[in-house]
Every structure is written in C-alpha cells, then in structure tokens.
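Engineer: turn this into a model:
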Amino acid sequence: MYELFILGQLMDHPMTGYQLRKALTTVVGQELTISFGALYPLLDKLAAASLLTLAFEPGETKRPQKVATITPAGRQRFMTIGLAPVALNKQTQLTFQMKLNFLHLFTADQQATILQDYHQFALGQLTRLAVQREQLAVNPHMLAEDIHDALLVNQLQQVRAQAQADWVAALRQTVQKERKQ
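Structural biologist: Sure, this is the predicted structure:
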C-alpha cells in the first residue's frame, strides 16, 4: 500500500522522504501515516528494486537532501499495482483512498474500472454491515447493553458506507459523462 503511494507521488515530480511523509499525512490523516523509521528503509528497498533512484541534492538548508525520483520501471510498477484488484482486508479502504488520490494519472477507462471496483467494495461493505447487524441483534453471548452500543456503532458504519457508496456512484457518473465527450 505504501509502495503505491510513494510511486504515485513520484509520478508527478521527485520528492524527499520528508515531503513524501507530509503528503501521505495529508491523504490518510495523522493517525495512519508512516514513521520515518519505516519510510526510509522502504525508499531504499524501492531503489534496490530499481523502481526509483535516490540522490543527494542541494536543499533549502545547508545540508543536502536525499531526493527520490521514479524510474521507468517504477512508473510501470505504479500502473500495475494501481490497476490491480484490491484485496478485502483491513487496508482496503486506505488502498482505494490512495488510488483516488492518483486518479489523474490513469486514463478515463482505467478511472472507470477503479471507480467500479471501489463502488463494488462500498456496496459489499453495506451488505456485510447489514449481516453483522442481524447477527448482533440475536447474539446470546452479549449483554443487552453491549448489543445496543454495538448496534449504534454498526449504524454509524452503515451511514458512512452509504455516503461512500453514493459519493463513488456520483463520481462514476461524472467520469462516464467525460468519457462520452
């Protein structure tokens, strides 16, 4: 997931690790960002795989800054993982957010595919939450108070998922109209 983000950010222009981390925080929020202790080894790993280059360049301060630049192989890798189906796991939502952040890098047909996949995920989320709600309502192993609270959380999750599904559906329509023009 972080590989997708780093390569996507570098598609537009080279960046330092600090700039990459700051951009990630903007997209995913402070609580889900990557530490510098994990980011720099990942940059080194991507450089070792020839997906990007790392070079020291003069910075705004007196110290040179290590700048990451995407390679042609990195561009190809970005497109491959950007267009790959997203596995259903705890990072699915975040992966789709990252894909949306780079939607401008894809063709209209590719955008339509990504949005269709995201819409299917959102609808599946609604279905999973409805099943969960039914199971909670009749769970003999939970106290009534716990069931009540869990149903409130489920309701919040359903509202979020519905808003997400509606938003993606509207964006899909916009992209489809643009494709026809």
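Engineer: which pLDDT value belongs to residue 139?
Structural biologist: Residue 139 is assigned a predicted lDDT (pLDDT) of 90.
Engineer: and the helix or strand hosting residue 174, average pLDDT?
Structural biologist: Using DSSP states H and E, residue 174 falls within helix 144-180. Helix 144-180 shows an average pLDDT of 93 in the prediction.
Engineer: so how far is that helix from its chain's centroid?
Structural biologist: With CA atoms, centre = their mean, to the nearest Å as the basis, helix 144-180 stands 17 Å off its chain's centre.
Engineer: flag every buried residue along it.
Structural biologist: Of all the residues in helix 144-180, those buried under the rule 16 or more other CB atoms under 10 Å are 150, 154, 157-158, 161, 164-165, 168, 171-172, 175. The way it works is simple: take the backbone N, C-alpha and C, and place the C-beta from them, glycine included.
Engineer: now stretch 113-127
Structural biologist: Within stretch 113-127, the residues that count as buried by 16+ other CB under 10 Å are 114-115, 117-119, 121-123, 125.
Engineer: lowest-pLDDT helix or strand in the chain?
Structural biologist: Lowest mean confidence among the helices and strands of the chain (mean pLDDT, DSSP states H and E): helix 17-28, at a mean of 88.
Engineer: just the C-alpha atoms of stretch 137-146, please, in CSV.
Structural biologist: Only the C-alpha atoms of stretch 137-146 are listed here, as CSV (Å, rounded to 0.1, in the frame of the first residue of the first chain):
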residue,chain,number,x,y,z
ALA,A,137,-29.5,-8.4,17.3
VAL,A,138,-29.8,-12.1,18.2
ASN,A,139,-26.4,-12.7,19.8
PRO,A,140,-27.0,-14.7,23.0
HIS,A,141,-23.4,-14.2,24.3
MET,A,142,-23.7,-10.4,24.6
LEU,A,143,-25.4,-8.3,27.2
ALA,A,144,-28.3,-6.2,26.0
GLU,A,145,-26.4,-3.0,26.8
ASP,A,146,-23.4,-4.2,24.7
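Engineer: residue with max distance from the center of this structure?
Structural biologist: Taking CA atoms, centre = their mean, the residue of the chain most remote from its mean C-alpha position is residue 140, at 37.2 Å.
Engineer: tell me where the chain has strands.
Structural biologist: Using DSSP state E, the strands of the chain run over residues 15-16, 52-57, 65-70.
Engineer: nearest residue to residue 38 in space, please, no chain neighbours.
Structural biologist: Spatial nearest neighbour of residue 38, excluding adjacent residues (CB to CB, 6 or more residues apart in numbering): residue 2 at 7.9 Å.
Engineer: what distance do you get for that neighbour to residue 108?
Structural biologist: Separation of residue 2 from residue 108 (CB to CB, to the nearest Å) stands at 27 Å.
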